[in-house]
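Trainee: Fold the following.
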Amino acid sequence: MVAAIIPVWKQNFGTEISRLERALFKYKVVSIDTEFPGFILNTPRDGSETERYKDLKFNVDALKLIQLGITLSDERGTIFGTWEFNFCFDLGEDLYVLESVEFLKKNGLDFDKHARDGIHMSGFAKIFTAVLAKHRDLFWVTFHGLYDLAYALGLITMAPLPNSVLGFTTLLGSVFGRVVDVKYMARFCKGLCGGELGLSKLASILRIERKGGAHQAGSDSLLTALVFAKINMVFPIHQLLYLGSLYGIQPRISPTITPPPLSSYCIPQINNVPPFLYGMPCNQDFMYYIPT
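Mentor: Residues are numbered from 1 along each chain as shown. Reported below is the predicted structural model:
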């Protein structure tokens, strides 16, 4: 049974970030999704990669994140839990695209509550960065995750994105390490239309039921985690085909994080299918600390 999606606001932020931090010692697969207030610049379909990244940088640097969904699971696809972090966003002060905000309202986002009870990004960034500094062996999963990772990177660094796509992927490798984009991964799976499908359609083909509402970060991160686990169960794809590749750009993300020694890994072999995740520390005791 999949755990409930936990809405996180400023009132319960301390409690829930502590729970998430403790869970990261065992549940190393981090599936994320974001909700943000639209696209000021839209790149034409025939736009170059340079144009696409230039527009992405402009949009992410100019706009604020509204929601960050995080789902934790283990190497076998067992879900521990989902957190939906809701940030302070004031329609009277913050920049947004009207059509996008109206769409999010129709899908259940309460912007009055975001303005009143949302988490301040600077406080979140300080604590979340300290958490990640203690967990350098995570495996990050997205779906069509170019913008999700860009917003997450901006949130963690609290700085503008790098000026080039190569600088962007290099920084992603430094901050996140191992990254998978399930949309890119799906191109190697027979019957999944070369990956040219949305998340909900892909979940439907794989017979996965959504929990929560579409276009909400918690629900989408959970569905991403379930789709990722199901693909790994059904399709024997080697990691080297997709690890570090994002749908929409060419440069791969190369981890610059030093993983734990091989002697500490659990590497499962189930039904002769290559393991989808390497780097699971086994049976270690850890100290727990959250900065104030």
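
Trainee: so which strand or helix has the closest residue to Leu68 other than its chain neighbours?
Mentor: Leaving aside its sequence neighbours, Leu68 sits nearest to Phe85 (C-beta to C-beta, 6 or more residues apart in numbering; 4.5 Å). Just so you know, the C-beta spots here come from the backbone N, C-alpha and C atoms, and that holds for glycine as well. Taking DSSP states H and E as the criterion, the element that holds Phe85 is strand 79-86.

Trainee: Show residues contacting that strand.
Mentor: Under the contact criterion C-beta atoms under 8 Å, 6 or more residues apart in numbering, strand 79-86 has outside partners 2-9, 13, 16, 19-20, 23, 26-27, 66-74, 113-114, 117-119, 124, 216-219, 221-222, 225-226.

Trainee: What strands flank it, and is each parallel or antiparallel?
Mentor: strand 5-8 (parallel), strand 67-73 (antiparallel) (DSSP bridges).

Trainee: where are the low-confidence patches of the stretch 151-292 of the chain?
Mentor: For the stretch 151-292 of the chain, applying pLDDT under 70 flags the ranges 257-292.

Trainee: would you list every one of the helices in the stretch 101-250 of the chain?
Mentor: Counting by DSSP state H, counting those that start in this stretch, the stretch 101-250 of the chain has helices at residues 111-117, 121-133, 146-157, 165-175, 182-185, 199-205, 217-234.

Trainee: For these, give me CSV that also has mean neighbour count.
Mentor: Shown next, in CSV, are the helices of the stretch 101-250 of the chain (neighbours: other C-beta atoms under 10 Å):
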stretch, mean neighbour count
helix 111-117, 15
helix 121-133, 16
helix 146-157, 20
helix 165-175, 18
helix 182-185, 24
helix 199-205, 17
helix 217-234, 24
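
Trainee: As a markdown table, those with distance to Leu41 would be great.
Mentor: Output for the helices of the stretch 101-250 of the chain, formatted as a markdown table (distance: least, C-beta to C-beta, whole Å):
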| stretch | distance to Leu41 |
| --- | --- |
| helix 111-117 | 23 |
| helix 121-133 | 22 |
| helix 146-157 | 12 |
| helix 165-175 | 15 |
| helix 182-185 | 22 |
| helix 199-205 | 24 |
| helix 217-234 | 22 |
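
Trainee: Tell me which of those helices sits nearest to Ser245.
Mentor: Closest to Ser245 of the helices of the stretch 101-250 of the chain is helix 182-185 (C-beta to C-beta; 4.9 Å).

Trainee: Report the backbone C-alpha coordinates of the closest one in CSV.
Mentor: Extracted in CSV, the C-alpha atoms of helix 182-185 (Å, rounded to 0.1, in the frame of the first residue of the first chain):
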residue,chain,number,x,y,z
VAL,A,182,12.1,8.4,-17.0
LYS,A,183,10.9,10.0,-20.2
TYR,A,184,14.3,9.5,-21.8
MET,A,185,14.6,6.0,-20.3
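
Trainee: Could you list the low-confidence segments of the stretch 1-150 of the chain?
Mentor: Short version for the stretch 1-150 of the chain, where the test is pLDDT under 70: 1-2.

Trainee: middle-most residue in the chain, spatially?
Mentor: The centroid of the chain falls nearest to Ile32 when counting by C-alpha atoms, centre = their mean (2.2 Å).
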